[in-house]
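In: Sequence first, then the predicted structure, then my questions.
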Amino acid sequence: MLDDFTNLVKAIAAADSLLEVAHRKGMEVGDGLFTLQQARNGLVRGRAAMHTFSVDSVHAVTDPGLQLAWDAQEIGLAAIAEFKARRTGWEVFLLFSILLVAGLALLLRRMERPGGRYPLRKTDSESPGQEQ
């Protein structure tokens, strides 16, 4: 019975820490918190079943709680993985944006040069009133 409770408490603690990390990163973990609360309810039921002095009745209550704690851990891991994917996406977007702005700035500098292929300013020899 002690092993059942120890495993359940460790699984709940691990899931709680994963969900907390995901929550601090701004991810939605409401489903994981609900699942974790159900696992905690299994722990309470297991403590009540312990008074029957029946290992089978404790297993019957703690095993579903352990499975719920593992499910909550998976939800937390999925949320952290989604955060990493979103962060990578933003990094790629930011890099692309910086390259685009740098390219446009270089193009404008090239276009502003007098005598260039696409000058934005006229050279002195092309000023109005003068014929070539």
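Out: Looks like it arrived, so ask away.
In: what kind of secondary structure is Met27 in?
Out: coil (DSSP: H, G, I helix; E, B strand; the rest coil).
In: Which parts of the protein are helices?
Out: Along the chain, counting by DSSP state H, helices occupy 2-24, 30-50, 55-112.
In: Would you format these as TSV with mean pLDDT included?
Out: Shown next, in TSV, are these (pLDDT from 0 to 100):
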stretch	mean pLDDT
helix 2-24	92
helix 30-50	89
helix 55-112	91
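In: The ones you listed into a markdown table, with extra columns for mean neighbour count?
Out: Glycine gets a C-beta too; all of them are placed from N, C-alpha and C. Below are these laid out as a markdown table (neighbours: other C-beta atoms under 10 Å):
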| stretch | mean neighbour count |
| --- | --- |
| helix 2-24 | 16 |
| helix 30-50 | 18 |
| helix 55-112 | 14 |
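In: Now for the spatially most central residue of the chain: which residues touch it?
Out: Nearest to the mean C-alpha position of the chain, by C-alpha atoms, centre = their mean, lies Phe83 at 1.2 Å. Neighbouring residues of Phe83 by C-beta atoms under 8 Å, 6 or more residues apart in numbering: 22, 25-27.
In: Most widely separated two among the residues you listed?
Out: Ala22 and Gly26 (8.6 Å; C-beta to C-beta).
In: excluding its backbone neighbours, what's nearest Ser57?
Out: Once flanking residues are discounted, Ser57 sits nearest to Ala49: 4.6 Å by C-beta to C-beta, 6 or more residues apart in numbering.
In: The one you found reaches Gly65, doesn't it?
Out: No. Applying C-beta atoms under 8 Å, one finds Ala49 not in contact with Gly65, separated by 10.8 Å.
In: about what we covered before: mind listing what the residue nearest to Ser57 touches?
Out: 57-58, 60-61.
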